[in-house]
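A.B. asks: Dropping the sequence and predicted coords here.
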Amino acid sequence: MRTKFVVNMVGQSPTLQRLTSRGLSSAIVLLSLLLIVLAFLLALPKILHCSHVPDVRAKQWAQLRTIDTVLDLFKSEFDYYPPSDAFDPAGKPYCGAMKLCEAAMGQDLMGVHPRSRFRRDGTDDSGNSLYDSNTLKLRKGPYLPIENANAHHLKDLYKGVGPFDGNDYVICDEGRRVTHIGTGRRVGMPTLYYKARTSKSAHDINDPNNPENIYDYRDNHALLALGVPGKPGQKHPLYDDPRIFYEMTRDYKVTKVSRPNRADTFILLSAGWDGLYGTQDDVGNFDMRWKPK
């Protein structure tokens, strides 16, 4: 084929030969441009991801700092940090993320009741309802403004809410990786809350179920079991391997023993840009030096 092309060129006029060469050069340039554009389009998702991650991290860090302040206000008012147990006092699933929202804003986002025992049904020890219009004057807060809190019903994030009440609220992070089922707007994943058990002394990376662990990964484990909204079948790495929780929350400045960050207060955890708990872009209210293996 190459020989035939040369012979044909020899038989043409110099002007025609120049025009043919220009056409061939233009085709090569055009092909090169198309290949460059194709390569750019293939790389675009990664480029966008990298450009958004620092911005999301900054916003998320600011949100966690605000929640830090809210929980300190709660403690100054009630002399304790809210619990984060996986269950309420009646044994009903009511996890750390939901208790965080109640402490910050109340179960109806109109303020937390001073007699709250963090029961899923919103009652006190005598069975009286704490969250209705008759108790508004007794409430404290809300410590987060409703318009900025990014609080949403669980049923608006997940099509199936498992053992939980879908009407329970959670405070969502700044990742904006979830589509609100009702409005179609972009919202984030629930912010996870873990209260330190200050009577304990361990931070066992090899045994997440060690009863002496200062933090209990199970405080939010049933919430992680709901999976990733909009991605059926996908699991969070933190759900598959709870040891990740102890690796990522470890204070790596302490080298001789395994100790958690914020061993005497609480830990907040965001899923970050990718919407997955237990990956490198997670954001906490501490200096996270953990790197995935």
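C.D. replies: Sure, I can see it. Numbering: from 1, shown residues only.
A.B. asks: Test my guess that residue 281 contacts residue 272.
C.D. replies: Yes - checked against CB atoms under 8 Å, the pair residue 281 and residue 272 is within contact range at 3.6 Å. Quick note: C-beta positions are derived from backbone N, CA and C, even for glycine.
A.B. asks: Compare neighbour counts for those two and give me the winner.
C.D. replies: residue 272 (24 against 17; other CB atoms under 10 Å).
A.B. asks: For residue 222, see how far away that one is.
C.D. replies: Separation of residue 272 from residue 222 (CB to CB, to the nearest Å): 21 Å.
A.B. asks: Check residue 170 too.
C.D. replies: Using CB to CB, residue 170 is found at 13 Å from residue 222.
A.B. asks: ok, now residue 260?
C.D. replies: 21 Å.
A.B. asks: Give me the more crowded residue out of those two.
C.D. replies: residue 260 (22 against 17).
A.B. asks: and that one, what does it touch?
C.D. replies: 196, 203, 214, 215, 246, 249, 250, 251, 267 (CB atoms under 8 Å, 6 or more residues apart in numbering).
A.B. asks: which sections of the chain are below the confidence cut-off?
C.D. replies: Applying pLDDT under 70 to the chain flags residues 1-27, 29-54.
A.B. asks: just the strands in it please.
C.D. replies: Along the chain, counting by DSSP state E, strands occupy 151-153, 169-171, 178-179, 186-187, 192-195, 266-270, 283-284.
A.B. asks: can I get those in JSON lines with mean neighbour count?
C.D. replies: Listed next are the strands of the chain as JSON lines, based on neighbours: other CB atoms under 10 Å:
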{"stretch": "strand 151-153", "mean neighbour count": "19"}
{"stretch": "strand 169-171", "mean neighbour count": "25"}
{"stretch": "strand 178-179", "mean neighbour count": "19"}
{"stretch": "strand 186-187", "mean neighbour count": "16"}
{"stretch": "strand 192-195", "mean neighbour count": "26"}
{"stretch": "strand 266-270", "mean neighbour count": "26"}
{"stretch": "strand 283-284", "mean neighbour count": "22"}
